[in-house]
Structures are given as structure tokens and as C-alpha cells.
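*Asks:* coords please:
(one chain, ligands or ions: 1)
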Amino acid sequence: MEGKAHRRLDEGLERQNGQNISIIVREFKHEDNPEVQKIFYEGMMEMIPDTAFRGLRFHPESLLLYAALTFVCFLITMGWWVVGLAPAVVLCGRYACSRSVIHTYTDLALKGDIEDTEKFYMKTPGYCRWVAVHEDKVVGLVESHQITGGVLELRRMSVDQNFRQCGVGVALAKKLLEFAMTHRFSSVVLGTTAYSHPAHRLYQRLGFRLVGVTNGYFAKGFRASLLEKVFYRVRHHHYKLDLHDNLNKVKH
Ligand SMILES: CC(C)(COP(=O)(O)OP(=O)(O)OC[C@H]1O[C@@H](n2cnc3c(N)ncnc32)[C@H](O)[C@@H]1OP(=O)(O)O)[C@@H](O)C(=O)NCCC(=O)NCCS
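*Replies:* A predicted model of the protein is given here:
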């Protein structure tokens, strides 16, 4: 079932290459792990060019820093080649540092909670993972994580590239929102460093509001090197959905 998907028709009933396909969202089982790891890994790897290249235009302070560094190097060497090489050095630096930070984060997740799901998720209230399945194939995942008594976090949303824009992301998020309502959470929050349109569109469509942005974000506990601080600079977008105000959006 390869190829670009068409638009979502209805929840649970999707269309791809002109054929109706059905998506079931269910709780994760241990045997889903290889597919879950692959989808999570591929989704994370997409963040590298997004952060390194697309993200650049959202960070004028980084552009200013690169220009200042280029100027200093020019003054030291008095060589115009420095100015000529600067854009290539900046792009390579941003790519290498985004890759290193995102790889480290992905590795930790794959070795930690993604690998050892039972320990991290299934035994603790508020922690759960769901997968979207099409014809016995896992095509997407999402996880919940309790932050405080009334607040649930949505994380690790990722959909197989061949099943994008079919409503899989919406179906996964709705499952998590149903879970949040059943367990009487008052709100669901999430954070994303994505600059590309799909993630923001997905959350806004579900009624999430952008409630804050952290500039220069690093994941908790991450010790960034000086180079990573210079070349990896992202905005962390904080979204929140108050469940009581959005009952209709969640149910329909
Ligand atoms: C973000 C992601 C999960 C969306 O999954 P999806 O199954 O394609 O999303 P859906 O089909 O449910 O679409 C949800 C909304 O987003 C829109 N959307 C999805 N992909 C889009 C794209 N490439 N361009 C424009 N809009 C897009 C859909 O049109 C839909 O809005 P609409 O109903 O108003 O038309 C998926 O693109 C993905 O896995 N990306 C890589 C990992 C990632 O970025 N995860 C999020 C990290 S927080």
C-alpha cells in the first residue's frame, strides 16, 4: 500500500489511491515494537532538515551571530574566501549539530521508554501508547504521559510517511483525548519543535491553542556543547487543550 494518500473521508474510514482503507487505533502490543521504532525514528529524522534549514528563517538572532562570526574571521584572516565560505559552513554546522542533538534524543528514547514500554508506560496511570493499524500494519503511534494530577501530555506523535494526510494523526490524537476525558484530566498539553506545517495544522485542527514559545530550547537534562548552542537553536511551541471547553471538537 505505497503512494500518496488522499484526503480523510471520515474517522476510521480513509481513502488512499482511490480505495477506501480502514484505520483502527488500539493500545500498543509488545510485537508492534519494531514498526513503532521505525516510524518514530523516521519521524525524528525528518526533524533534522526542518531544524537545520527551515528553522533558520525563524531565528534572526542566529543569522546575526553567524554574520558577526564571519566578520570577526574576516578581520583576523583578511581573506574574502572567509565570506564566500561562510554560508556553506553555517549550513553544514547547522545540519551536523541538528543531527547530533536529534540523534542523541532519539537514541535515548529508543533505548529507554520506547524499547522498555512495559516498565515506562503500561504500569503507570496516565502513561499509555496507542498505535494506528491498517491491514495488520502499524502506520502511526502516539503516547500519553501524566504531568500533574489534571494534566496529560501528548507526545511522540508520528505517522508512516505513506499514510500521511489520511487522518491517522487526528485518529490517534482523538484516542488520546478520549482517554484523557475518561480519566478526568482537565487538559492536554504538548510541545513541538517542528517548523513545518503538518504538526501545527494537526494540533490546531483539534482545538489546541498555542500558549507559549521557548526560544533556544533543549530537552530536559541535555548538555549541549558550545557548537550545538551556536548551530542548534529551536523554538519549542507549547500547545494546550482545555477538555471542558472543547468537548464537541474531541467527540466529532
Ligand atoms: C504531523 C503528523 C503526525 C501528521 O499526521 P497525519 O496523519 O498526516 O495528519 P492528518 O492526516 O490527521 O491531518 C491532520 C491535519 O493536518 C493537515 N496536514 C497534514 N499533513 C499536512 C501537510 N503535509 N501539509 C498541509 N497540511 C497537512 C491535514 O490537512 C489535516 O488538517 P485538515 O483536516 O484541516 O485538512 C505527520 O506529518 C508526521 O508524522 N510527521 C513527522 C513527525 C512529526 O512531525 N511529529 C510531530 C512532532 S510533535
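
*Asks:* contacts and neighbour counts: CA atoms only from here.
*Replies:* Noted.

*Asks:* Can you name the residues bridging to the residue nearest the centre of the chain?
*Replies:* Nearest to the geometric centre of the chain sits Thr192, at 5.5 Å (CA atoms, centre = their mean). Legend: beta-bridge partners of Thr192 under DSSP bridges are His237.

*Asks:* right, and it touches Lys240 too?
*Replies:* No - using CA atoms under 8 Å, Thr192 is not in contact with Lys240; the gap is 11.6 Å.

*Asks:* list residues touching both of the two?
*Replies:* Residues touching both Thr192 and Lys240 (CA atoms under 8 Å, 6 or more residues apart in numbering): none.

*Asks:* tell me the strands in the stretch 1-150 of the chain, going along the chain?
*Replies:* Applying DSSP state E, counting those that start in this stretch to the stretch 1-150 of the chain gives strands spanning 5-10, 13-16, 19-22, 24-27, 128-134, 137-148.

*Asks:* got the buried residues for stretch 178-189?
*Replies:* Buried residues in stretch 178-189, defined by neighbour count with 16 or more other CA atoms under 10 Å: Phe179, Ala180, Met181, Phe185, Ser186, Ser187, Val188, Val189.

*Asks:* er, stretch 63-82 I mean
*Replies:* For stretch 63-82, burial by neighbour count (16+ other CA under 10 Å) applies to Tyr66, Ala67, Thr70, Phe71, Cys73, Val82.

*Asks:* so who does the fourth one touch?
*Replies:* Taking CA under 8 Å, 6+ apart as the contact definition, Phe71 lies against Val83.

*Asks:* same thing with the third one?
*Replies:* If a contact means CA under 8 Å, 6+ apart, then Thr70 has Val82, Val83, Ala86 as its contacts.

*Asks:* about what we covered before: mind checking how far the residue nearest to the centre of the chain is from His236?
*Replies:* Noted for Thr192: a distance of 6 Å to His236, by CA to CA, to the nearest Å.

*Asks:* what does the stretch 151-252 of the chain put close to the ligand?
*Replies:* Neighbours of the ligand within the stretch 151-252 of the chain, by CA under 6 Å from any ligand atom: 157-159, 164-170, 192, 194, 197-199, 201-202, 205.

*Asks:* Need the buried ones from those selected in ChimeraX.
*Replies:* Here is the ChimeraX command that picks out the buried ones among those, judged by 16+ other CA under 10 Å:
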select :157,158,159,164,165,166,167,168,169,170,192,194,199,202
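
*Asks:* Out of the strands of the stretch 1-150 of the chain, name the one with the poorest average pLDDT.
*Replies:* Note on the strands of the stretch 1-150 of the chain: strand 5-10 shows the lowest mean pLDDT, a mean of 41.

*Asks:* for the stretch 151-252 of the chain, what spans make up the strands?
*Replies:* With DSSP E, counting those that start in this stretch as the criterion, the stretch 151-252 of the chain has strands spanning 151-159, 187-192, 209-215, 235-242.

*Asks:* Which neighbouring elements make contact with the last one?
*Replies:* Contact here means 3 or more CA pairs under 8 Å, 6 or more residues apart in numbering; DSSP states H and E; on that basis strand 235-242 packs against strand 187-192, strand 209-215.

*Asks:* what's the closest of those to Arg57?
*Replies:* With respect to Arg57, and counting by CA to CA, the nearest of the helices and strands packed on strand 235-242 is strand 209-215 at 13.4 Å.

*Asks:* What about the residues of the stretch 151-252 of the chain next to the ligand, which are in helices?
*Replies:* Among those, the subset assigned to helices under DSSP state H consists of Val168, Gly169, Val170, His197, Pro198, Ala199, Arg201, Leu202, Arg205.

*Asks:* tell me the two of those residues that are most distant?
*Replies:* Greatest spacing in these, by CA to CA: Val168 and His197 (16.0 Å).

*Asks:* Against Gly216, how distant is the residue nearest to the centre of the chain?
*Replies:* 13 Å.
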